[in-house]
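A.B. asks: Quick one, structure for this:
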Amino acid sequence: MTNEPSDIDIDQPGSQVQPSDEQLDAAAATDSNVIESLREQLAEAEKKALLHQADMENFRRRKSRETEDLVRYATMPLITSLLDVVDNLDRAIEAAGSNQGNSGLHEGVDLVATQLNTVLQNAGCKKIEALGQPFDPNLHEAIQMQPSDQPVNIVINEVQTGYQLHDRVVRPAKVIISTGPAG
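C.D. replies: You can find the predicted model right below:
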């Protein structure tokens, strides 16, 4: 056996096998397919990463809004309880107004009611305007309808004052609404 460059002895250490052109073309095609597959996987992974990043940002925003709302409306139970006190003070003022003998008591109760209303306003709680306004089921609770000189669905009497804390209704105003002129 002669050791010419064209003859290759596979059993000898250090000998190299030279691939054929077909083998090279097949390997290049396989490499190209592998590279394309890896590119597709990379694009898919980048897409997923962007989606997860957007989801996390949305989650952060939602949690931030929820926390702000929690802080903003944390006083809701206290304010709801205080509204009964406000109603009782208003009734006391009304009753004291009809009794002329206790003008000092009337003045004192009126000052306390004014002070409590100021505290509620400073906390973001305000009265819902009802009298003379169009009926709004989000703000008003109609307890009766009756004919009047006012147009249809206009509040003609407020039985109980309604309140809202910022933009949420704490208690709707209990109202009587017009059915229009009798006839």
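A.B. asks: quick one, helices of the protein?
C.D. replies: Defined through DSSP state H, the helices belonging to the chain, from first to last, are 21-72, 76-98, 103-122.
A.B. asks: For the ones you listed, give me CSV that also has mean pLDDT and distance to residue 153.
C.D. replies: Placement of C-beta: from N, CA and C, glycine included. Putting the helices of the chain into CSV (pLDDT from 0 to 100; distance: least, CB to CB, whole Å) gives the following:
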stretch, mean pLDDT, distance to residue 153
helix 21-72, 88, 32
helix 76-98, 88, 26
helix 103-122, 88, 29
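A.B. asks: So which of the ones you listed is nearest residue 173?
C.D. replies: helix 76-98 (11.6 Å; CB to CB).
A.B. asks: Please enumerate residues in contact with the closest one?
C.D. replies: Residues from elsewhere that reach helix 76-98 (CB atoms under 8 Å, 6 or more residues apart in numbering): 102, 105-106, 109-110, 112-113, 116-117, 120, 123, 125, 160-161, 163, 165, 168, 170-171.
A.B. asks: next one: it to chain centre, how far?
C.D. replies: Relative to the centre of its chain, helix 76-98 is centred 31 Å away, using CA atoms, centre = their mean, to the nearest Å.
A.B. asks: for stretch 84-101, same thing?
C.D. replies: The gap between the average C-alpha position of stretch 84-101 and the chain average comes to 39 Å, counting by CA atoms, centre = their mean.
A.B. asks: Check stretch 108-126 too.
C.D. replies: 29 Å.
A.B. asks: and that stretch, which residues are buried?
C.D. replies: Within stretch 108-126, the residues that count as buried by 16 or more other CB atoms under 10 Å are 109, 110, 113, 117, 120, 125.
A.B. asks: CA atoms of that stretch as CSV?
C.D. replies: Provided in CSV are the C-alpha atoms of stretch 108-126 (Å, rounded to 0.1, in the frame of the first residue of the first chain):
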residue,chain,number,x,y,z
GLY,A,108,-74.4,75.4,69.6
VAL,A,109,-75.9,72.4,67.7
ASP,A,110,-75.8,74.4,64.5
LEU,A,111,-72.1,75.2,65.0
VAL,A,112,-71.3,71.5,65.7
ALA,A,113,-73.2,70.5,62.5
THR,A,114,-71.3,73.1,60.5
GLN,A,115,-68.0,71.9,61.9
LEU,A,116,-68.8,68.2,61.1
ASN,A,117,-69.8,69.2,57.5
THR,A,118,-66.5,71.0,57.1
VAL,A,119,-64.6,68.0,58.3
LEU,A,120,-66.5,65.8,55.9
GLN,A,121,-65.8,68.2,53.0
ASN,A,122,-62.1,68.3,53.8
ALA,A,123,-62.0,64.5,53.7
GLY,A,124,-63.5,64.6,50.2
CYS,A,125,-67.1,63.9,51.1
LYS,A,126,-69.7,66.2,49.6
